[in-house]
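[1] The sequence isn't on hand, but the structure is:
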C-alpha cells in the first residue's frame, strides 16, 4: 500500500470526514436524537424537530423543505415508520438531494477526466475563503496521485495571493507561472497554459482574483481569461471551480449566487467544515445550485481536502463513532 492509499483510502477518508464533521454532527444528530426519544412512530412533532435540526445546521429553508416533504411522502406511503427506521430514511433523503458529478468527472482518488490533456481548472472565490490554500492542497494531492501539475498565479491584484501560492509551489515541488503584482491576469493565465502544453503536464490550476464588489468587472475579467486560454486549448477551461467557506453558512450561499451569475461555475469546493456546526450548508449549496461539490476541506493538512462522496458525507453526519 502506497502513501496515497494510506491517506486517501475509503476507510481513511471516512475517518477524516467523521472527525471534520464532529461539530455539525453533535448539533444536528443531538437534536434528531431528542426528537425521536420515546417515540414509537414518526409524527408531526418529530418532523418539526427534524426541520429545526436541519435549519440549525444551515441546510437552508428551501433544501430543508425538500427533505421534509420527501420524508412526509414516505411516511404517508408506508403508513407506519418506527423510529428505528427513521435514521435510515433521513440519511437516504438527505443523500438524494445532493448533486454529484458523473463518475468520469468526479476526481475520485484524484483521478482526472480522460480524453484531453492538460486538464485546466480555473479557480474562483472571494478573498478569505481559503481559495489559494485549496489550490496548493489540490496541487499536492494531484502530485501525490502521480499527476504532473502546473500552477498559474493570476490573482495579481493581491500580492499575498501570489506569495502564498509561491510558497505552496515550493512546498509541493510544483512549478508556478507568475508575474509582478498588477499584471494582467489574462496574460498570466495565457502564459500558464502555453507553458503547461509545452511541458505536457496533466493538470493546470489557475488562481483568479477574489473580488466580488463589482460583478460586471468580475465577469469581464473571467471572460477575458477564458478567451485567451481558448486560443491555446479551445475547450478550456475544463472546470470552473468555486471555493466557498463552509463556516460562513448562509453567506456562502450568497457568494454562490453572485459567482454563478457572473460565470459558468461547474464545480464547488467547500472549505473549513471542521471548525463549524454549519456543515449542512453543503446540502443547501449542492441542492439549490445543482452544481456538483467536488472537494471539501475538513482540516489544515493537505490530505484533509477530500474528494466529495455524498454517501461518505451523510455517513459522517450520522456516525456516532466519529
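    That came through fine. Source: prediction; values computed, not measured.
[2] Going along the chain, name the helices of the chain.
    Using DSSP state H, the helices assigned to the chain run over residues 3-8, 10-20, 22-36, 44-56, 61-78, 83-97, 131-144, 159-172, 185-199, 215-230, 250-262, 281-289, 310-318.
[3] looking at those helices, which one has the lowest mean pLDDT?
    Mean pLDDT per stretch puts helix 3-8 lowest among those, at a mean of 59.
[4] Burial check on the residue lying closest to residue 231 once chain neighbours are set aside, number of neighbours?
    Once flanking residues are discounted, residue 231 sits nearest to residue 190: 7.2 Å by CB to CB, 6 or more residues apart in numbering. C-beta: built from backbone N, CA, C; applies to glycine. Residue 190: 21 surrounding residues under other CB atoms under 10 Å.
[5] Can you lay out the helices of the chain as CSV showing distance to residue 106?
    Formatted as CSV, those follow (distance: least, CB to CB, whole Å):
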stretch, distance to residue 106
helix 3-8, 13
helix 10-20, 13
helix 22-36, 23
helix 44-56, 26
helix 61-78, 22
helix 83-97, 15
helix 131-144, 14
helix 159-172, 23
helix 185-199, 22
helix 215-230, 23
helix 250-262, 20
helix 281-289, 13
helix 310-318, 10
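[6] Residue 236: which of these is closest?
    helix 215-230 (4.8 Å; CB to CB).
[7] wait, what's in contact with residue 265?
    Counting by CB atoms under 8 Å, 6 or more residues apart in numbering, residue 265 makes contact with 124, 240-242, 256, 259, 289, 291.
[8] and it, what pLDDT?
    We note a pLDDT of 92 for residue 265 in this prediction.
[9] Pull the distance from stretch 230-243 to the chain's centre.
    Averaging C-alpha positions (CA atoms, centre = their mean, to the nearest Å) puts stretch 230-243 18 Å from its chain's average.
[10] Looking at the helices of the chain, which is nearest to residue 274?
    Of these, the one closest to residue 274 (CB to CB) turns out to be helix 10-20, at 4.1 Å.
[11] Show residues contacting the closest one.
    The contact list for helix 10-20 (CB under 8 Å, 6+ apart) reads 6, 25, 273-274, 296, 298-299, 303-304, 306-307, 309, 312-313, 315-316, 319, 321-322.
[12] ditto for stretch 135-145
    When contacts are defined by CB under 8 Å, 6+ apart, stretch 135-145 is touched by residues 3-4, 7-8, 109-112, 121, 123, 149, 151, 164-165, 167-169, 171-174, 202-203, 205, 207, 295, 297, 302-305.
[13] if we go to 7 Å?
    Stretch 135-145 is touched from outside by 3-4, 109-110, 123, 149, 151, 165, 168, 172, 174, 203, 205, 207, 302, 305, with contacts defined as CB atoms under 7 Å, 6 or more residues apart in numbering.
[14] how close does the residue most central in space within the chain get to residue 252?
    Closest to where the C-alpha atoms of the chain average out (CA atoms, centre = their mean) is residue 269, at 2.1 Å. The spacing between residue 269 and residue 252, counted by CB to CB, to the nearest Å, is 11 Å.
[15] One more: residue 289?
    Residue 289 sits 11 Å away from residue 252, taking CB to CB as the criterion.
[16] of those two, who's got more company?
    residue 252 (28 against 18).
[17] could you flag which of the contacts of stretch 135-145 are buried?
    4, 110, 123, 149, 151, 165, 168, 172, 174, 203, 205, 207, 302, 305 (16 or more other CB atoms under 10 Å).
[18] Looking at those residues, which gets the smallest pLDDT?
    Ranking these by pLDDT, residue 4 lands last with 57.
[19] Not counting its neighbours along the chain, what's nearest residue 169?
    residue 176 (3.9 Å).
[20] How many residues are close by the one you found?
    22.
[21] That one: what's it in contact with?
    Here residue 176 is in contact with 151, 153, 165-166, 169 (CB under 7 Å, 6+ apart).
[22] mind giving me TSV with these and columns for distance to residue 227?
    Listed next are the contacts of residue 176 as TSV, based on distance: CB to CB, whole Å:
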residue	distance to residue 227
151	21
153	19
165	23
166	26
169	26
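[23] and of those residues, the nearest to residue 221?
    residue 153 (14.8 Å).
[24] Not counting sequence-adjacent ones, nearest residue to that closest one?
    residue 178 (3.9 Å).
[25] follow-up on the earlier one: just the buried members of the contacts of helix 10-20?
    Among those, those classed as buried by 16+ other CB under 10 Å are 25, 273-274, 296, 298-299, 303-304, 306-307, 309, 312-313, 315-316, 319, 322.
[26] out of those residues, which are inside strands?
    Among the buried ones among the contacts of helix 10-20, the residues falling in strands (DSSP state E) are 296, 306-307.
[27] I'd like those residues written out as TSV, with pLDDT and distance to residue 69 added.
    Listed next are those as TSV, based on pLDDT from 0 to 100; distance: CB to CB, whole Å:
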residue	pLDDT	distance to residue 69
296	91	26
306	89	30
307	89	30
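[28] Please convert those to CSV, extending it with distance to residue 74.
    CSV is the format used below for those (distance: CB to CB, whole Å):
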residue, distance to residue 74
296, 28
306, 30
307, 30
